[in-house]
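Participant: structure, please.
(chains A and B)
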There are 2 protein chains.
Amino acid sequence: MANKTAPDASRRSERSRRAIFDAALSLVGEVGYDKLTIEGIASRAGVGKQTIYRWWPSKAAVLLDAFTQDVEGYEAGLPDTGDLAADLKFVLRATADEFNDEKWQAPYRALAAAGANDAELSARFVERLLEPGIAVYVNRMRAAQEAGEIGPEVDVRVAAEMVLSPFSQRWLMRTGELTYAYVDTLVDMVLAGLRPRASA
Amino acid sequence: MANKTAPDASRRSERSRRAIFDAALSLVGEVGYDKLTIEGIASRAGVGKQTIYRWWPSKAAVLLDAFTQDVEGYEAGLPDTGDLAADLKFVLRATADEFNDEKWQAPYRALAAAGANDAELSARFVERLLEPGIAVYVNRMRAAQEAGEIGPEVDVRVAAEMVLSPFSQRWLMRTGELTYAYVDTLVDMVLAGLRPRASA
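Facilitator: As a prediction, the model looks like this:
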């Protein structure tokens, strides 16, 4: 519904939205997805329960919006300096810094865990966050393919996952540190297999 | 403690252990890790709660033993026919069949999800299941490296994760099907980057 609001009301709405997102992200990190409630989010955000229900049908919807709000750069895509290895290392090093930040870890981990068990939530998590995240890598690799940096026969979706999945699984399962050295090695090893063949 | 048991008692024990493992694996798939209880497992298995507590300190311990019980082939390692690509495809196709089996999916997914949130459980899950699973791939790749199929400079741990993580993340996040065609493409793309360089 088109809702005509005065500037003040709209500012208040934006403040409430922000407070609700902050509350949802910090609470899910503290109590986990299963114990997260709309009541809890409302109380932490200092708004009424009805304010939340007016905008979102469920805690999953709040959380997904809260995450998407903080995701930057998906529209812009990855940088393209003409050097695929350098661009991938640049972005993955920044992502490693983010993943290694405790504040950011807890809510993302809670959502990933909840998604593993809940097929419905997982589908929305994947559609809203994971797939757009993979898509920017696929697009950058496709550009590199057109520029001749990657062989024409390469499946760039599988290639993008070869970079992203080892990176995120190390973090999710805590099987290794996300260091810059690791990022660089991973990118170099993946790209080594994607170069155009000399000739047949 | 060394417990001298008559053959009959030992057979009964083994039957109880099996029943407890089966109950734990089916229940965790049905109710999730958070709602799994020792009481629930005991009731499903038809044994007393004390029987479980005599052998295991927690539900996590029962579950990890139940999984490890069903894991085969870790001691034997991967097949080594001298053709790394063929061996990896053979094993990963069989693993895809297993991952695509509903009966096997639910408990594994529940444990992976619980581990994402619970650092202590995750550490044991990784130590008992994930790391031994990665290790057999690392060992097979190291053998291929010694045989000259893989370049001497390759970090085989990172290489093993380049195969295993995209495979398991597709399944965990439901971002793609685990088909034989996918397995073959993934193995070929990873190995393409690992071959010894012609010369410097």
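
Participant: quick one: contacts for the closest residue to residue A:187 other than its chain neighbours?
Facilitator: Spatially, and ignoring its direct neighbours in sequence, residue A:187 is nearest to residue A:88 (4.7 Å; CB to CB, 6 or more residues apart in numbering or on different chains). Where you see a C-beta, it was placed from the backbone N, CA and C, and this is true even at glycine. Contact partners of residue A:88, counting by CB atoms under 8 Å, 6 or more residues apart in numbering or on different chains, are A:78, A:137, A:140, A:163, A:187, A:191.

Participant: before we move on, which element is residue A:160 in?
Facilitator: helix A:156-172 (DSSP states H and E).

Participant: average pLDDT for that helix, rounded please.
Facilitator: The average of the pLDDT scores along helix A:156-172 is 95.

Participant: the helix or strand following it vs helix B:156-172, what angle?
Facilitator: Downstream of helix A:156-172, the first helix or strand assigned by DSSP H and E is helix A:180-192. Interaxial angle of helix A:180-192 relative to helix B:156-172 (axes from the mean of the first three to the mean of the last three CA atoms, to 10 degrees): 80 degrees.

Participant: what segments of chain A are helices?
Facilitator: A:7-31, A:38-45, A:49-55, A:59-70, A:84-99, A:102-117, A:119-125, A:131-146, A:156-172, A:180-192 (DSSP state H).

Participant: and among those helices, the most buried is which?
Facilitator: helix A:156-172 (a mean of 22; mean count of other CB atoms under 10 Å in any protein chain shown).

Participant: next one: it, is it in contact with chain B?
Facilitator: Yes. Under the criterion of CB under 8 Å from any CB of the partner chain, chain B is reached by helix A:156-172 at A:158-159, A:161-162, A:165-166, A:168-170, A:172.

Participant: and stretch A:26-44, by the same measure?
Facilitator: Yes. Stretch A:26-44 is in contact with chain B by CB under 8 Å from any CB, via A:32, A:34.

Participant: which residues does that stretch contact?
Facilitator: A:20, A:23-24, A:48-49, A:51-53, A:58-59, A:62-63, A:105-107, A:109-111, A:113-114, B:34, B:117.

Participant: low-confidence ranges, chain A, go.
Facilitator: Chain A contains residues with pLDDT under 70 at A:1-7, A:70-74, A:116-117, A:198-200.

Participant: ok, the residue in chain A positioned nearest to chain B - contacts?
Facilitator: Nearest to chain B in chain A, going by CB to the nearest CB, is residue A:193, at a distance of 2.6 Å. By CB under 8 Å, 6+ apart, residue A:193 lies in contact with B:189-194.

Participant: return the member of the residues you listed nearest to chain A.
Facilitator: residue B:193 (2.6 Å).

Participant: what about the closest residue to that closest one other than its chain neighbours, distance to residue A:86?
Facilitator: Spatially, and ignoring its direct neighbours in sequence, residue B:193 is nearest to residue A:193 (2.6 Å; CB to CB, 6+ apart). From residue A:193 across to residue A:86, the span is 18 Å (CB to CB, to the nearest Å).

Participant: farthest-separated two in the contacts of residue A:88?
Facilitator: A:78 and A:191 (14.1 Å; CB to CB).
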